[in-house]
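[1] predicted model and sequence follow; I will ask about them next.
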Amino acid sequence: MKSRSILRSFGVLSGAVIGTAAVLAAATPASAGRTYSTLTYVSDYPDVTVTYFGTEGADDVSVDIGAGDQGRITFQVPDASSVTIVDDVAGAPCRVDDATTISCTKAAYDAEGSLRKVMNVSAITWGGTDKITATGFGKVYGSTYTPIVAHLGGWEGNDTITALGGAAFITAGDGNDRIASGVGTANFRNSIDAGAGDDQIDASTPQSVDGIYCRSGVDTLRRNAADVVYDQANCESVVVS
Ligand SMILES: [Ca+2]
Ligand SMILES: [Ca+2]
């Protein structure tokens, strides 16, 4: 375990800051001057977005969205010296399990008796060569069962972002990134935005339906016929399988 003095933080947006397009609100010292306003999530009260923020260093974070109503959402950061919850909904769906693990229920009642459901889960890392992995096929019950969407953001650095589970929304940002989109979930199109850089995108997993931006740089894309490429001209090498 590395002994670097890094504040790892993690938050649940409270109802007070979840508007029609809420912005990440947990107080994490990323680089000075970074604009959080580029990240928006549509999440109306009483729905909740749970967000893990990495650091400017090389992060390795995985999130598993468990199946079933009692399944937990688990973040693991194997090389962290500690993990911290910086903001939580009253009723506390999240807890620190150990020095490298935080887990959350999919729903919890707040002090006013409102059931707060987690509809979106995010793992955001900044600079550094980061690894983000999402697994699971978790859904949350409302009037119907709805997939919990994993938002995975790598931003700068040469990142490896892998979504092996259900609904995924991947934003790789700058850097030469390796992106893989897994099987997806019914009635939801995974979203992949590779950002600038020479990226390798694998959206070819059977049953996954992806919407893809290659962006600038020399990109390699593997996809299947059901996928939609929004900027075909920016995808320098494409294999359809
Ligand atoms: Ca990129
Ligand atoms: Ca390109």
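    That came through fine. Ligands and ions are numbered 1, 2, ... in the order given.

[2] so in that sheet, which strands flank whichever helix or strand residue 52 is part of, and in what orientation?
    Secondary structure assigned from DSSP states H and E places residue 52 in strand 47-53. Its sheet considered, strand 47-53 pairs with strand 9-12 (antiparallel), strand 115-124 (parallel) by DSSP bridges.

[3] count the neighbours of residue 120 for me.
    Here the count is done by other CB atoms under 10 Å, and residue 120 has 20 residues near it. C-beta coordinates here come from the backbone N, C-alpha and C atoms, glycine included.

[4] from ligand 1, how far off is it?
    For residue 120, the distance to ligand 1 (CB to the ion, to the nearest Å) stands at 22 Å.

[5] beta partners of that residue?
    residue 49, residue 149.

[6] interface residues of this structure facing ligand 1?
    172, 177, 194-195, 197, 199 (CB under 5 Å from the ion).

[7] before we move on, back to that, now tabulate the strands paired with strand 47-53 in TSV and tack on mean pLDDT and distance to residue 93.
    Below are the strands paired with strand 47-53 laid out as TSV (pLDDT from 0 to 100; distance: least, CB to CB, whole Å):
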stretch	mean pLDDT	distance to residue 93
strand 9-12	33	7
strand 115-124	87	7
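
[8] in CSV, list those along with distance to residue 150.
    Converted to CSV, these look like this (distance: least, CB to CB, whole Å):
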stretch, distance to residue 150
strand 9-12, 15
strand 115-124, 5
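
[9] between those, which one is nearest to ligand 2?
    strand 115-124 (23.2 Å; CB to the ion).

[10] send the alpha carbons of that closest one over as PDB?
    Extracted C-alpha coordinates of strand 115-124, given in PDB (Å, rounded to 0.1, in the frame of the first residue of the first chain):
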ATOM      1  CA  LEU A 115     -36.400   7.400  -0.300                       C
ATOM      2  CA  ARG A 116     -33.200   8.500  -2.000                       C
ATOM      3  CA  LYS A 117     -32.300   6.200  -4.900                       C
ATOM      4  CA  VAL A 118     -28.900   6.000  -6.500                       C
ATOM      5  CA  MET A 119     -29.400   6.400 -10.300                       C
ATOM      6  CA  ASN A 120     -25.900   7.300 -11.300                       C
ATOM      7  CA  VAL A 121     -22.500   6.200 -10.100                       C
ATOM      8  CA  SER A 122     -19.400   8.100 -11.200                       C
ATOM      9  CA  ALA A 123     -15.600   7.400 -11.000                       C
ATOM     10  CA  ILE A 124     -13.600  10.500 -12.100                       C
END
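
[11] buried stuff in that strand?
    116-124 (16 or more other CB atoms under 10 Å).

[12] could the residues of the chain next to ligand 1 go into CSV alongside neighbour count?
    Formatted as CSV, the residues of the chain next to ligand 1 follow (neighbours: other CB atoms under 10 Å):
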residue, neighbour count
172, 31
177, 28
194, 32
195, 25
197, 20
199, 29
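
[13] between these, which is closest to residue 157?
    residue 177 (8.3 Å; CB to CB).

[14] around ligand 2, pick out the residues from the protein.
    Residues of the chain lying near ligand 2 (CB under 5 Å from the ion): 214, 217, 219, 234.

[15] rerun that using 8 Å as the cut-off
    The chain comes close to ligand 2 at residues 194, 198-199, 214-219, 231, 234-236, as judged by CB under 8 Å from the ion.

[16] now the buried members of these.
    Applying 16+ other CB under 10 Å to the residues of the chain next to ligand 2 flags 194, 199, 214-215, 217, 219, 234-235 as buried.

[17] just the ones in helices from the residues of the chain next to ligand 2, please.
    Residues of these located in helices (DSSP state H): none.

[18] now, the most widely separated pair of the residues you listed?
    Maximum distance among the residues of the chain next to ligand 2 (CB to CB): 15.2 Å, for 198 and 231.
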